[in-house]
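Undergrad: Let me see the structure of the following:
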Amino acid sequence: MMPSREEWLGRLVDALRPTFAEHGSRLPERIRVSCGWPSRSALSGRNRRIGEAWSHRCSDDGASETFVSPTLADPVEVGAVLVHELVHHAVGVEAGHKGPFRRLALAVGLAGKMTATVAGPELAARLHALAEVLGPYPHAALNGASGRKKQTTRMLKVTCAACGCIARMARQWLDEVGAPTCACGGDMAEGGAR
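TA: Purely as a prediction, here's the structure:
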């Protein structure tokens with residue numbers, strides 16, 4: 001029987017524990033890994049996160065929580081994101097991406113900018129070998145943006161100079177007919193105070 005995504009990810013965590021131990025770091029005993037949207041997901045445009053580690057202090061039962069984005073399906077890429085998040089758990093989430101995080105990340109084989117690491121060649125080979133043992137990652141990439149209608153109109157703020165009333169209008173209407181007259185009788189104009 002094929003494991004669930006979370007079971008597969010949990011088995012990968014267990015398979016990676018010796019890698020961290022080799023570098024003098026101990027992972028928390030209780031790490032839960034889920035395939036789910038991080039707080040700033042790949043759907044949000046800027047600041048796209050493909051993984052996220054949450055401190056055990058945030059969980060009511062004291063487990064360290066990790067999320068791997070469902071936009072990822074390649075087991076080596078998923079593994080590299082998981083290793084990045086495990087480094088956070090090993091050094092403490094509050095350490096951010098500097099000092100202890102950087103030292104351990106490089107030691108376990110991550111490369112690149114510390115806020116957006118990738119697997120270096122040795123780690124990629126190790127993750128590929130682990131994926132062979134664990135079997136296929138039981139997940140197909142989820143393209144969350146494919147079912148959404150792209151916003152085609154940006155609504156612009158118009159403000160009444162007299163009373164401060166705020167409305168929103170499309171650029172097309174502002175250009176074609178101009179700003180409306182406010183219900184109070186004052187003139188509205190694009191922009192204005194918040």
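
Undergrad: residues of stretch 22-32 that come out buried?
TA: By 16 or more other Cβ atoms under 10 Å, the buried positions in stretch 22-32 come out as Ser25, Leu27, Ile31, Arg32. Every C-beta, even on glycine, is put in place using the N, C-alpha and C of the backbone.

Undergrad: With just CA atoms, put the least confident helix or strand in the chain by mean pLDDT into CSV.
TA: None of the helices or strands of the chain scores lower by mean pLDDT, DSSP states H and E than helix 171-177, at a mean of 85. Output of helix 171-177 as CSV, limited to C-alpha atoms (Å, rounded to 0.1, in the frame of the first residue of the first chain):
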residue,chain,number,x,y,z
ARG,A,171,-9.0,53.5,-15.0
GLN,A,172,-11.2,53.2,-18.1
TRP,A,173,-14.1,55.0,-16.4
LEU,A,174,-11.8,57.7,-14.9
ASP,A,175,-10.4,58.4,-18.4
GLU,A,176,-13.7,58.2,-20.3
VAL,A,177,-16.1,60.0,-17.9
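
Undergrad: Out of the buried residues of stretch 22-32, which is nearest to Leu104?
TA: Distance to Leu104, by Cβ to Cβ, is smallest for Ser25 among those, at 5.6 Å.

Undergrad: tell me the secondary structure for that closest one?
TA: Three-state assignment for Ser25 (DSSP: H, G, I helix; E, B strand; the rest coil): coil.

Undergrad: is it true that His23 touches Ala107?
TA: Yes. Counting by Cβ atoms under 8 Å, His23 touches Ala107, with 4.4 Å between them.

Undergrad: what about the helices in this protein?
TA: Applying DSSP state H to the chain gives helices spanning 5-22, 75-91, 100-108, 121-134, 171-177.

Undergrad: quick one: Ala90 from Ala140, how far?
TA: 30 Å (Cβ to Cβ, to the nearest Å).

Undergrad: same question, Thr181
TA: 54 Å.

Undergrad: again, but for Arg17
TA: For Arg17, the distance to Ala140 - Cβ to Cβ - is 28 Å.

Undergrad: Kindly report the same for Arg103.
TA: With distances taken as Cβ to Cβ, Arg103 is found 36 Å from Ala140.

Undergrad: ok, residues contacting the least confident helix or strand of the chain?
TA: Residues outside helix 171-177 that contact it (Cβ atoms under 8 Å, 6 or more residues apart in numbering): Thr153, Arg154, Leu156, Val158, Glu190.

Undergrad: Name the nearest of those residues relative to His84.
TA: Closest to His84, out of all of the contacts of helix 171-177 and judged by Cβ to Cβ, is Arg154, at 34.8 Å.
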